[in-house]
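Need coordinates for the following:
(chains A, B, C and D)
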2 protein chains.
Amino acid sequence: MSDWEAPRVLLAVDLVILTVRGSSLQVLLVERGVEPFEGALALPGGFLRDVEEDIPAAARRELEEEAGLADEPHLEPLGVYGEPGRDPRGRVISVAHLAIAPRLPEPVAGTDAAQAWWKPVDDVLSGRLELAFDHRRIVADGVERARAKLEHSALATAFCGDTFTIAELQQVYEAVWGAQLDPRNFYRKVQAAPGFIVPAGDERRPGNGRPARLFRAGPTDSLNPPMVRSAQ
Amino acid sequence: MSDWEAPRVLLAVDLVILTVRGSSLQVLLVERGVEPFEGALALPGGFLRDVEEDIPAAARRELEEEAGLADEPHLEPLGVYGEPGRDPRGRVISVAHLAIAPRLPEPVAGTDAAQAWWKPVDDVLSGRLELAFDHRRIVADGVERARAKLEHSALATAFCGDTFTIAELQQVYEAVWGAQLDPRNFYRKVQAAPGFIVPAGDERRPGNGRPARLFRAGPTDSLNPPMVRSAQ
DNA sequence: CGAATAGTGTCTTTTAGACAATATGTT
DNA sequence: AACATATTGTCTAAAAGACACTATTCG
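Model prediction:
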């Protein structure tokens, strides 16, 4: 064992960036510019820049380079994906991250050299859309993580802008969970968890009817009581 | 970018192996035999054996080599820990795994060259016990994962032997959550989740009182309704 | 005013938790 | 029998969900 040397691997960072557009949960995909899978759709990501780069830093860097999202969206580690033979360039270990982007005006977050598109996660999960590598699995894990965290954490506010109405927050839950919720019960439910959301003063969002009160994300991340998705 | 080459890192696998002994949640620790942190307590683990080794396979190998646990305990990926400067031997990325060992007769799972001990997680989390590297943080994450999963999954059965009584299952919940539960409500609660546990036929465990019925793990992993730990 | 959405009140059903009562074994 | 633990039953309080109703804006 004394002349044995531990093998070295390539370390990549991949991003599952989710947002809600319209009433559907969407994920940001890019077109690969190099082999393998050149031309195929894939998650934004890339190799560690240098051997001293911190993993969260690499994730933030890719978030900005490939998605143009510089303004601190929610970002958390998701998992490690590293089957041998996954990439012909050698043994690659990918550290996937989950990022949540707030509702953007409309335009797709284009970037860099490659192009980027928001695509409905349903199209990815159902297989209607082919992804490079094992990226479909990674998306599935990211979506499942988001669904679970909506129950117990304040993650939903990361999908919204700085201020938002309760109806907008409900749209997030409905898009991520793929379920309809009663607006009246939802209204009281979100306010029952102390510190989840706090009023932002005046009123706005003059939609078709009565303008809705505005809220912003509260101080606590852990929801108690939790938001429960009924057992389908 | 054409003459740029992606950096390579060392890949390690670390194990948070939890069990319940007596009424406390315990974690398996080994004494490090080499620098850095020689002589200090640490999680079992090690480098990938060769560049083609699968990560789950490496985790199972360490589980057997360092803990003597060959018989398929529950094993799941926990997270990635790879700050630069964490290890003087170079850039090391550690993929931590969570393993659950069933209640063992009594003897400590000794092994290999190094020695191993079960230690109460409370001693690790409180800092009474010093651990090498960032292993205290990894233990904390593993314990938190276990606590959370006990609510929504059948993970608790992994702490038990092949068959178990409901009182034994309750001891698992109490040790992991660090809380007291009402045996009568617990009894109905665990049976209310379809597929969580199934009867194993006859009776046994003739303790001091009436012998308890035996159960084994049921087919479903997802608990519905969940076991809830009251909001402390 | 009428349409449309925001926000409140109330009732019913379900669930969580406390705890009495009964069952079945050991000594 | 006395004791200890297992298992069942029952009551009460809290929460989830359905849904009628009121409020406020726009056209």
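
I'd like the mean pLDDT over the one helix or strand residue A:63 maps to, please.
Using DSSP states H and E, the element containing residue A:63 is helix A:55-67. On average, the pLDDT along helix A:55-67 is 93.

what sits up against that helix?
For helix A:55-67, contacts defined as CB atoms under 8 Å, 6 or more residues apart in numbering or on different chains pick out A:11, A:13, A:15, A:17, A:28, A:30, A:44-46, A:48-49, A:53, A:69-70, A:73, A:75, A:77, A:95, A:97, A:99, A:101, A:109, A:111-112, A:114, A:116, B:80, B:82, B:93. To be clear about C-beta, it is placed using only N, CA and C from the backbone, and glycine gets the same treatment.

What of stretch A:153-169?
Contact partners of stretch A:153-169, identified using CB under 8 Å, 6+ apart, comprise A:18-20, A:73-74, A:100-103, A:146, A:149-150, A:172-173, A:176, A:183, A:186-187, A:190, A:196-197, A:200, A:204-205, A:212-218, A:220-223.

That stretch near DNA strand D at all?
No: interface with DNA strand D: stretch A:153-169 contributes nothing (CB under 7 Å from any atom of the strand), its closest point being 12.7 Å away.

Enumerate the residues of chain A near chain B.
Within chain A, the positions adjacent to chain B are A:6-11, A:47-55, A:77, A:79-80, A:82-84, A:90-91, A:93, A:95, A:224-225, A:231 by CB under 8 Å from any CB of the partner chain.

which stretches of chain A form strands?
Per DSSP state E, chain A carries strands over the ranges A:8-21, A:24-31, A:41-42, A:45-47, A:74-81, A:92-100, A:116-120, A:163-164, A:197-204, A:212-217.

got the angle for the longest helix along chain A vs strand A:24-31?
If you go by DSSP state H, chain A has its longest helix at helix A:135-152. For helix A:135-152 against strand A:24-31, the angle by axes from the mean of the first three to the mean of the last three CA atoms, to 10 degrees is 150 degrees.

ok so, going back, buried subset of the contacts of helix A:55-67, written for ChimeraX?
Buried residues within these, by 16 or more other CB atoms under 10 Å in any protein chain shown, are selected in ChimeraX with:
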select /A:11,13,15,17,28,30,44,45,46,48,53,69,73,75,77,95,97,99,101,109,111,116 /B:80,82,93
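
Report the helix or strand with the lowest average pLDDT across chain A.
Sorting the helices and strands of chain A by mean pLDDT, DSSP states H and E puts strand A:197-204 at the bottom, at a mean of 87.

Give the partner strands of it in its sheet and their orientations.
Under the criterion DSSP bridges, strand A:197-204 sits next to strand A:212-217 (antiparallel) in its sheet.

For the partner strand, C-alpha coordinates in PDB please.
Extracted in PDB, the C-alpha atoms of strand A:212-217 (Å, rounded to 0.1, in the frame of the first residue of the first chain):
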ATOM      1  CA  ALA A 212     -53.500  42.500  -3.600                       C
ATOM      2  CA  ARG A 213     -51.300  43.300  -0.600                       C
ATOM      3  CA  LEU A 214     -47.600  42.900  -1.100                       C
ATOM      4  CA  PHE A 215     -45.300  40.700   1.000                       C
ATOM      5  CA  ARG A 216     -41.600  39.900   1.100                       C
ATOM      6  CA  ALA A 217     -39.700  36.900   2.400                       C
END
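
Just the closest residue of chain A to DNA strand D, please.
Relative to DNA strand D, the nearest point of chain A is residue A:210 (3.0 Å; CB to the nearest atom of the strand).

per-residue pLDDT, that residue?
Residue A:210 carries a pLDDT value of 94.

and what of residue A:114?
Confidence at residue A:114, expressed as pLDDT, is 61.

Please report the number of neighbouring residues for residue A:181.
The local packing of residue A:181 (other CB atoms under 10 Å in any protein chain shown) involves 17 other residues.

now swap in residue A:33 and tell me
12.

Please give me every residue in contact with residue A:221.
Residues counted as contacts of residue A:221 (CB under 8 Å, 6+ apart) are A:153-154.

Look up how far residue A:160 lies from it.
Distance of residue A:221 to residue A:160, computed by CB to CB, to the nearest Å: 15 Å.

and if you look at residue A:133?
Residue A:133 is 31 Å from residue A:160, where distance means CB to CB.

again with residue A:32
Distance from residue A:32 to residue A:160, counting by CB to CB: 31 Å.

These two: which is more packed in?
Neighbours were tallied for residue A:32 and for residue A:160 using other CB under 10 Å; the higher tally belongs to residue A:160 (21 against 18).

Is residue A:14 bridged to anything, and to what?
Beta-bridge partners recorded for residue A:14 (DSSP bridges): residue A:45, residue A:96.

Same question for the one 10 residues further on.
On the basis of DSSP bridges, residue A:24 takes part in beta bridges with residue A:21.

residues contacting it?
Residue A:24 touches A:120-122, A:175, counting by CB under 8 Å, 6+ apart.

Tell me the one among those nearest to DNA strand C.
residue A:175 (15.7 Å).

The closest one: neighbour count?
21.

Give me the distance between it and residue A:153.
Going from residue A:175 to residue A:153 by CB to CB gives 17 Å.

before we move on, what about residue A:201?
Separation of residue A:201 from residue A:153 (CB to CB): 25 Å.

Look at these two and report which has more neighbours.
residue A:153 (17 against 11).
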